[in-house]
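S.K.: Take a look and give me a structure for this.
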Amino acid sequence: MSLRQHLRTAQSLPSRLVTFFEKYPPPSLINSSAPAPPAAETASPIAPADSVASSIAPTSTPGESALGSFSVPRDVPAEAQAGLPYPNPFLPRKNHTTGRWYGPVYGLRQQADLVKLAQKHDVLDLLPWTIKKPGAKEERRIERGLQVKGTGEGQRVKGKLWERTLKGRLEMRKKAMMAMPALIQEWKQKGHGRGWKKYPVGKKGRLGI
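M.R.: Okay, here's the model as predicted:
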């Protein structure tokens, strides 16, 4: 979409979306509003449009000038920050210089309202990534699984103690059952329990001490 088409679309948007895009313009609009080569500066029919686009450049806030010093939560997809020259206003971020976390600029209720407005005016793709976008919750649910530890992709449920030790106990029972005929025969040969000693008897006593 060209810059002229962007401006034409912006005229039909509600003021709430226009204000948002003034603070956080889409990357496509930023790229299209970049200064043209010197050869193309002569007699441009959309010169006023260039001046308007330059007026809605992203405003820098404290800490956002050095984008590399911020990080977003680990459980968000990679495209949440991809292509954005500013921190995603819909996500919390951590300042590595101070070690503090900052909440999102827009809360979940505000994000939902902006998504509804953008979807109504067919500009949903221009918004940064947010959990309120259609299909985002389903993708995270598939990736993370249910809200039960171990049900996500590549994870395993820990289980109770008796569940974790069940396999070993079943193996012990299997070996005991296989050795049961020999044990019964030994019992019969020793008089059905008469003379059956639990501990070996030595010369010096019951335990050989």
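
S.K.: I'd like the domain boundaries of the protein, if you could list them.
M.R.: Per automatic domain parsing, the domain ranges recorded for the chain read 1-59, 62-158.

S.K.: mean pLDDT for these: which is lowest?
M.R.: Lowest mean pLDDT of the domains of the chain: domain 1-59, a mean of 62.

S.K.: Show me what the host helix or strand of Glu143 is packed up against.
M.R.: Per DSSP states H and E, Glu143 falls inside helix 136-144. Helix 136-144 is packed against no helix or strand, with contacts defined by 3 or more Cβ pairs under 8 Å, 6 or more residues apart in numbering; DSSP states H and E. All C-beta atoms are positioned from the backbone trio N, CA, C, and that covers glycine.

S.K.: Identify the residues contacting that helix?
M.R.: 75, 77, 129-131, 152-153 (Cβ atoms under 8 Å, 6 or more residues apart in numbering).

S.K.: Helix or strand: which one has Pro87?
M.R.: Counting by DSSP H and E, Pro87 is found in no helix or strand.

S.K.: number of nearby residues for Glu22?
M.R.: Glu22 has 14 neighbours, counted by other Cβ atoms under 10 Å.

S.K.: now Glu171
M.R.: 10.

S.K.: Name the SS class of it, please.
M.R.: When classified by DSSP: H, G, I helix; E, B strand; the rest coil, Glu171 comes out as helix.

S.K.: For it, give its distance to Ala179.
M.R.: 13 Å (Cβ to Cβ, to the nearest Å).

S.K.: Which stretches in this structure count as helices?
M.R.: Using DSSP state H, the helices found in the chain span residues 3-11, 15-23, 27-32, 47-55, 108-120, 136-144, 161-164, 166-178, 180-189.

S.K.: and those as CSV, adding distance to Phe90?
M.R.: Compiled in CSV, these are given as follows (distance: least, Cβ to Cβ, whole Å):
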stretch, distance to Phe90
helix 3-11, 20
helix 15-23, 11
helix 27-32, 15
helix 47-55, 23
helix 108-120, 5
helix 136-144, 10
helix 161-164, 40
helix 166-178, 45
helix 180-189, 66
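
S.K.: closest one to Asn88 among these?
M.R.: Among those, the nearest to Asn88 by Cβ to Cβ is helix 108-120 (10.8 Å).

S.K.: what packs against the closest one?
M.R.: helix 15-23.
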